[in-house]
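Peer 1: what follows is a predicted protein model with its sequence.
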Amino acid sequence: MPLVQVTLAAGRPPDQIRELISEVHDAVVRSTGTDPARVRVLVHELPPTHWAAGGITLAERDTSGTTEAGTAEVGTAEAGTTEE
């Protein structure tokens, strides 16, 4: 039974989270051939004060309006893909 966990900074609307769950679910079914009823997707949302990179929280970065690369934060996923 595949279990996918995604961790995001809190703040996205419920419909966007629902779309993410659907897309991840479909990708797992497509790529593994698993029975759709056996796929589990968990979404964890963390407040920006509880997520940090380089010792600086997302809340602190939001205050300045930029990330270390000088662009706005777009979110992250626990599975190893980080877009900062």
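Peer 2: The structure has been received and is ready for your questions. Numbers count the residues shown, from 1 in each chain.
Peer 1: max-length helix in this structure?
Peer 2: helix 14-32 (DSSP state H).
Peer 1: how about it: buried residues?
Peer 2: 20, 24-25, 28-29 (16 or more other CB atoms under 10 Å). Backbone N, C-alpha and C define where each C-beta goes, glycine included.
Peer 1: for Thr63, pull up the helix or strand it's in.
Peer 2: Using DSSP states H and E, the element containing Thr63 is helix 58-64.
Peer 1: using CSV, write out every CA atom in that helix.
Peer 2: Once non-C-alpha atoms are left out, helix 58-64 reads as follows in CSV (Å, rounded to 0.1, in the frame of the first residue of the first chain):
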residue,chain,number,x,y,z
LEU,A,58,9.7,31.2,6.3
ALA,A,59,7.8,33.8,8.4
GLU,A,60,11.1,35.8,8.7
ARG,A,61,11.6,35.5,4.9
ASP,A,62,8.0,36.5,4.3
THR,A,63,8.7,39.7,6.3
SER,A,64,11.5,40.6,4.0
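Peer 1: average pLDDT across that helix?
Peer 2: What helix 58-64 shows for mean pLDDT is 89.
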